[in-house]
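> My questions are about this predicted structure, shown below with the sequence.
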Amino acid sequence: MKKYWLLVIGMACTLSVLAQKNEYAYQRSLGIKMFPGAISYKKDWGADAKIEAMLYVSSDFFRLTGLYEKYFPLTPEAPGLNWFIGGGAHWGIWTDNWKNRYPTRESGIAIGVDGIIGLDYKIKNAPLNISLDWQPSFNIIGYQYFESGWGGIGIRYVLQ
């Protein structure tokens, strides 16, 4: 019986240490990213990496973007604050509204590559994640152009 209680106490101490170590960690989050405005979902993808899916919808376009992001601690003095870098791709469709405003440009489908660099902060013991990033992209199929103005602030509810 004594061995049983020692095992239970040992497991409780281990779980307590692990919980304290991961008070800034999160596995999945869902929220919004502002500019140009998207629904954002992040999920763990191996050690120190996440994947992010973003859905943009406006009167001009519909765009789905998928990114792989590698995370690094910014400084030991700021737990929960990480910087990240990554890349991915996007697929989108320009609407008739966009075609009417820019009649000389090709329209329809937009397929391209994206990069991302930014900061990510998980608020200690709160189900909230905030990020600030820059997301340049280049359309390869459709109207070909480099877009340097995307990025912004993301606010997500931590699901797990």
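Now that the structure is in, tell me what you want to look at.

> how close does the residue positioned nearest the centre of the chain get to residue 59?
The centre of the chain sits closest to residue 52, judged by Cα atoms, centre = their mean, with a distance of 4.1 Å. As for residue 52, its distance to residue 59 is 24 Å (criterion: Cβ to Cβ, to the nearest Å). C-beta here means a position set from N, CA and C on the backbone, and glycine is covered the same way.

> Low-confidence ranges, this structure, go.
Counting by pLDDT under 70, the chain shows low-confidence ranges at 1-22, 104-107.

> Neighbouring strands - and their directions - for the helix or strand containing residue 83?
Using DSSP states H and E, residue 83 falls within strand 81-94. The strands beside strand 81-94 in its sheet (DSSP bridges) come out as strand 61-73 (antiparallel), strand 109-122 (antiparallel).

> Could you dump those strands into CSV with mean neighbour count added?
Below are the strands paired with strand 81-94 laid out as CSV (neighbours: other Cβ atoms under 10 Å):
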stretch, mean neighbour count
strand 61-73, 17
strand 109-122, 18
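
> okay if I get the ones you listed as JSON lines plus distance to residue 155?
JSON lines is the format used below for the strands paired with strand 81-94 (distance: least, Cβ to Cβ, whole Å):
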{"stretch": "strand 61-73", "distance to residue 155": "17"}
{"stretch": "strand 109-122", "distance to residue 155": "11"}
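
> Figure out which of the ones you listed is closest to residue 150.
Among the strands paired with strand 81-94, strand 109-122 comes nearest to residue 150, with 8.1 Å by Cβ to Cβ.

> Name the residues of whichever helix or strand comes after that closest one that are buried.
Towards the C-terminus, the helix or strand next in line after strand 109-122, according to DSSP H and E, is strand 128-134. For strand 128-134, burial by neighbour count (16 or more other Cβ atoms under 10 Å) applies to 129, 131, 133.
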